[in-house]
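Visitor: kindly generate the corresponding structure for this input.
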Amino acid sequence: MSNETITDTKGRKIEVKEVAGSRLARLTRIAGDAFGENAWTTGTLARATVLSIEGVPCPPAPQNLNELDGLWDSVDADAASAALEWLIAKQKAMATDAKNSSAPQASSNAAGS
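Guide: Numbering: from 1, shown residues only. From the prediction side, this is the model:
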């Protein structure tokens, strides 16, 4: 997964990268029971995707719950909102790709002819 650059409502360039694999597993373990709380989980995942804002790096991957919560101080609501929109668009694109890849392929010969 490569980094991408998006723009928030303030016009700032936000560098993002999907949280997946071992990064997601670590984040889930750090969060513990709190991971299932939708508003917190959504906001935290969105913030965890943000690598930098206007070229200023965000803190590295959190190693404990305090650092995980600290993402809320480092990544403001506008940057988090842009990251969340990006995540939702990626999920929709993946769902569309999956749907299209499982759709029956058009045949050049009609059945029963």
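
Visitor: excluding sequence neighbours, find me the nearest residue to residue 82.
Guide: Of all residues not flanking residue 82 in the chain, residue 8 sits nearest, at 3.8 Å (Cβ to Cβ, 6 or more residues apart in numbering). For every residue, glycine as well, the C-beta is placed using N, CA and C.

Visitor: please read the previous query as pertaining to residue 4.
Guide: Residue 4 sits nearest to residue 16 (Cβ to Cβ, 6+ apart), 5.6 Å away.

Visitor: the one you found: neighbour count?
Guide: Counted with other Cβ atoms under 10 Å, residues neighbouring residue 16 total 21.

Visitor: which parts of this structure are helices?
Guide: Taking DSSP state H, the helices of the chain run over residues 21-31, 38-49, 65-74, 77-102.

Visitor: thinking again about what came up before, what residues are up against the residue nearest to residue 4?
Guide: 3, 4, 5, 6, 49, 50, 51, 83, 86 (Cβ atoms under 8 Å, 6 or more residues apart in numbering).

Visitor: let's see it at 6 Å
Guide: Residues in contact with residue 16 (Cβ atoms under 6 Å, 6 or more residues apart in numbering) are 4, 6, 49, 50, 83, 86.

Visitor: which two from those residues end up farthest apart in space?
Guide: Pairwise distances across the contacts of residue 16 (Cβ to Cβ) peak at 11.1 Å, for the pair 4 and 50.

Visitor: quick one, which of these two is more surrounded?
Guide: The neighbour count for residue 4 versus residue 50, taken as other Cβ under 10 Å, is higher for residue 50 (25 against 14).

Visitor: and the more buried one, how far from residue 85?
Guide: Computed with Cβ to Cβ, to the nearest Å, the distance linking residue 50 and residue 85 is 12 Å.

Visitor: spit out the contact partners of the residue nearest to residue 82.
Guide: Residues near residue 8 by Cβ under 6 Å, 6+ apart: 14, 78, 79, 82.

Visitor: phi and psi next, for the closest residue to the second one other than its chain neighbours.
Guide: Of all residues not flanking residue 78 in the chain, residue 8 sits nearest, at 4.5 Å (Cβ to Cβ, 6+ apart). Summarising the backbone geometry of residue 8 under the convention degrees, to the nearest 10, its torsions are phi -90, psi -180.
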